[in-house]
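> One predicted model, sequence on top.
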Amino acid sequence: MPPKSPRPKRAGTIFRYAPPKAGETQGHYIVRCSAPDGSRPLFHLEPSAESPKARVSALRQAESITEKIWKTGEGAAPLRERAKRKVTDTDLKGASTWWDNFFKHRDALGMGSVSGVYKTHIKPVLDLPWSVITPADVERLRDAFDTKVANGEASAKTMFNAWAVWTVASKAAAGQWKKDKRRSLKERDDDPSAGIAGPDYDADDAKQLQWLYPREVLAVAACPDVPLNARRRIVLSTYLCVRGGELKALTWDKIDLERGVIRVDEAFDRERDENKSVKTGNRGARRYAIEPTLLPLLKAMHKETGGVGPAVPMGLQKLWAAELRNALAAAKVKRPELFATTDASKRVRFHDLRASGLTWMAIRGDSPVHIKLVAGHTAFEMTSKYIAAAGAVDLLPGETVFPELPENLIKPPEPSVVRKVGRLSQNLSQESQVFETVVEAPGIEPGPPINGEPATA
């Protein structure tokens, strides 16, 4: 593979689009460029329409202007010095305490944890108490986010999400966050982030996410080379349209097999190592009918576990995506876009199993209201993307959504068979993910497989 061309280290950013004034037919883009002296002057470009194409052109002009400034110094403005109170260790400790209280407040509201975002992207750049943070500091944070994207250290979407965490925290520190009615987090009177453009991000340029065709999920479900619980995890997440954390928190008391109904109201939080309300809070809790083709598997699993505890063991969350891709490869599913991340798309993730089930529902022609209910969405805009994806797909002849599941998934062979080899005993478990080479004792030859199971000596 040829080496990637180096990304430019210095590139301007779009400050904002200025709408047309009275008597003008078009507005214009304003770009911000960096200079060797540390200043970031603004430049007004020629009039143009506000469009994705014009935005790309504006970014190219900003890059060209920036390169010119670094070569000639033309257009740079001296950086003004300003007095600033010295930040003490006590101040920094207080800043850390504020963020801890911010995370606790979010937890109490049932909101998702964002402490990882803060520690990874915000704190290394801007670790100051709110009392001394200025708009210039916020711009520095924003520029650091843009630089991460330009250097390939993070995606534009990741930085956009990190900026959202920052701006919410900034409002909370100014006593302007609606979810902090008592203003317990207030530290100052103004919001230092107000009016500052965020990092560059165009939703239209977001990478395409994946979803699986029914035949691909069925191939994994039937593949004996994939561990049984891994196959079951993949099928359950797809057929129930649940997130991985929701599946990990799913227990048998929330599955009514007699009526064929499931209740989803909790999800596992990896950072807190405990269950919490579903991602969208109580509004995301839902109760809906189970796909009829999934009921035989659930009844078999219920019998195996005695109907107590988790519906299926999930293991470590950081391994779910790799497990899915390995399962697809073992099942001879070779669609290239499922395995490689490019400028246009991302490789398949475990979360895409839920998207697969929701897209299947749209292909089947289920009503948007029903899909929204099963998904637990609070806004129809989220549901609409699955409907749009389904409209551009035709299944193969004979291929149906939510197909009947293979017998070896519902009633697997005996969990283990012991084969004696000389003085050794090898336990061949259905869940084994390790392939070992066994050296037979002299004079002993392994017999042929019987009904798909290893022969015993």
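Arrived safely, thanks for sending.

> Can you give me the pLDDT of the residue nearest the centre of the chain?
With distances taken as C-alpha atoms, centre = their mean, the chain has H351 as the residue nearest its mean C-alpha position (7.3 Å). Predicted confidence (pLDDT) for H351: 92.

> surely it meets R243?
Yes - taking contact to mean C-beta atoms under 8 Å, the distance of 6.4 Å between H351 and R243 places them in contact. The way it works is simple: take the backbone N, C-alpha and C, and place the C-beta from them, glycine included.

> before we move on, back to that, tell me which residues touch the residue nearest to the centre of the chain, please.
Applying C-beta atoms under 8 Å, 6 or more residues apart in numbering to H351 gives the contacts R243, G244.

> mind checking which helix or strand L45 is in?
For L45, the element it lies in under DSSP states H and E is strand 42-47.

> swap that for L247, please
Residue-wise, L247 maps onto helix 244-248 under DSSP H and E.

> got it, and L328?
Of the helices and strands defined by DSSP H and E, L328 is found in helix 320-330.

> and this protein, what are its domains?
According to automatic domain parsing, the chain is divided into the following domains: 13-72, 89-205, 214-408, 413-457.

> now do the same end-to-end measure for the longest one.
Between the opening and closing residues of domain 214-408 there is a gap of 17 Å (C-alpha to C-alpha, to the nearest Å).

> From the chain's centroid, how far away is it?
A distance of 15 Å separates the C-alpha centroid of domain 214-408 from that of its chain, computed with C-alpha atoms, centre = their mean, to the nearest Å.

> likewise stretch 95-114?
In terms of C-alpha atoms, centre = their mean, the centre of stretch 95-114 is found 20 Å from the chain centre.

> where exactly do the helices run in the stretch 51-200 of the chain?
52-72, 89-108, 115-117, 135-150, 156-173 (DSSP state H, counting those that start in this stretch).

> Out of those, which gets nearest to T251?
For the helices of the stretch 51-200 of the chain, the distance to T251 is smallest for helix 89-108, at 21.9 Å, taking C-beta to C-beta.

> Just the buried positions in the closest one, please.
With burial defined by 16 or more other C-beta atoms under 10 Å, the residues of helix 89-108 counted as buried are D91, A95, W98, W99, F102, F103, H105, R106, D107.

> tell me which residues in stretch 14-26 are buried?
So for stretch 14-26, counting by 16+ other C-beta under 10 Å, buried means I14, F15, Y17.

> and the last one, what does it touch?
Y17 is in contact with G27, H28, Y29, I30, E50, counting by C-beta under 8 Å, 6+ apart.

> and the nearest residue to the second one once chain neighbours are set aside, how many neighbours?
Okay, so that is H28. Leaving out its chain neighbours, the residue that sits closest to H28 by C-beta to C-beta, 6 or more residues apart in numbering is P47, at 4.8 Å. The local packing of P47 (other C-beta atoms under 10 Å) involves 13 other residues.

> Would you confirm that P47 contacts K21?
No - P47 is not in contact with K21 according to C-beta under 8 Å; the separation is 10.5 Å.

> which residues touch the helix or strand hosting N275?
With elements taken from DSSP H and E, the one containing N275 is strand 274-277. Residues from elsewhere that reach strand 274-277, judged by C-beta under 8 Å, 6+ apart: D107, G110, A249, D265, E266, A267, F268, D269, G284, A285.

> Next: stretch 320-340.
Residues outside stretch 320-340 that contact it (C-beta under 8 Å, 6+ apart) are 210, 212, 216, 219-220, 222-223, 225-226, 230-231, 233-234, 244, 314-315, 345, 347-350, 353.

> can you tell me which of those are in helices?
E216, A219, V220, A222, A230, R231, R233, I234, G244, L353 (DSSP state H).

> List only buried entries from those.
Burial of the ones in helices among the contacts of stretch 320-340 was assessed by neighbour count (16+ other C-beta under 10 Å); the buried members are E216, A219, V220, A230, R231, R233, I234, G244, L353.

> Pick out the lowest-pLDDT one from these.
When these are compared, G244 shows the smallest pLDDT, 93.

> Now do the same contact list for the residue lying closest to that residue once chain neighbours are set aside.
The shortest distance from G244 to any residue that is not its chain neighbour, by C-beta to C-beta, 6+ apart, is 5.0 Å, and that residue is F350. For F350, the set of contacting residues under the criterion of C-beta under 8 Å, 6+ apart consists of S237, G244, W320, A321, E323, L324.

> any chance of those residues in JSON lines, plus distance to R142?
Supplementary listing: the contacts of F350 in JSON lines, determined by distance: C-beta to C-beta, whole Å:
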{"residue": "S237", "distance to R142": "36"}
{"residue": "G244", "distance to R142": "32"}
{"residue": "W320", "distance to R142": "33"}
{"residue": "A321", "distance to R142": "30"}
{"residue": "E323", "distance to R142": "37"}
{"residue": "L324", "distance to R142": "35"}
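
> out of those residues, which one sits closest to L395?
Sorting the contacts of F350 by how near they are to L395, with C-beta to C-beta, puts S237 at the top with 20.2 Å.

> Quick check: closest non-adjacent residue to that closest one.
On the basis of C-beta to C-beta, 6+ apart, the spatially nearest residue to S237 that is not a chain neighbour turns out to be L353, at 4.0 Å.
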